[in-house]
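Peer 1: got a structure for you, letters missing:
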């Protein structure tokens with residue numbers, strides 16, 4: 001079973017995505033900011049991180065940079081209202097989805113990422 005980590009400072013978004021991905025048959029963990037996510041990733045393995053960009057303590061770009069240093073092959077989905085060129089980060093192995101998004105669009109992107117891992 002694939003395991004994902006959802007990182008967002010809004011409880012409602014974390015809870016909704018947790019519910020939707022659990023119903024899809026994935027194991028889901030959550031963190032409310034990049035600092036929590038980075039700490040979780042030090043001791044736990046996940047197959048994918050889905051993170052918001054705008055968060056307190058450590059934003060999504062900073063989290064992606066930290067992930068790239070420790071886990072360069074880890075895929076990440078970045079959710080943001082900002083365009084990718086407006087975010088100051090060196091992103092490797094990440095996928096961008098503009099807010100607002102539909103759960104269907106997010107599911108399709110996650111499916112595509114997991115399919116590419118098998119290939």
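Peer 2: Received it, and whenever you're ready, just let me know what you need. Every value quoted in this text rests on a predicted model; they were computed, and no experiment measured them. Residues are numbered from 1 along each chain as shown.

Peer 1: list the buried residues in the helix or strand containing residue 116.
Peer 2: Using DSSP states H and E, residue 116 sits in helix 103-118. In terms of neighbour count (16 or more other C-beta atoms under 10 Å), helix 103-118 has its buried residues at 106, 109-110, 113. No exception for glycine: its C-beta is placed from N, CA and C like everyone else's.

Peer 1: residue contacts, the residue nearest the centre of the chain?
Peer 2: Closest to where the C-alpha atoms of the chain average out (C-alpha atoms, centre = their mean) is residue 50, at 1.3 Å. The contact partners of residue 50, by C-beta atoms under 8 Å, 6 or more residues apart in numbering, come to 4-7, 17, 76-77, 79, 106, 110.

Peer 1: what's the answer for residue 81, then?
Peer 2: Neighbouring residues of residue 81 by C-beta under 8 Å, 6+ apart: 53-54, 98-99.

Peer 1: rewinding a little: centre of the chain to the helix holding residue 116, how far?
Peer 2: 12 Å (C-alpha atoms, centre = their mean, to the nearest Å).

Peer 1: can you map out the strands along this structure?
Peer 2: Assigned by DSSP state E, the strands in the chain fall at 3-7, 27-31, 48-52, 76-80, 94-98.

Peer 1: residues contacting the helix or strand of the chain with the lowest mean pLDDT, please?
Peer 2: When each helix and strand of the chain is scored by mean pLDDT, DSSP states H and E, strand 94-98 comes last, with a mean of 88. If you take C-beta under 8 Å, 6+ apart as the criterion, strand 94-98 is touched by 64, 75-81, 83-84, 105-106, 109, 113.

Peer 1: fine by me, we can end here.
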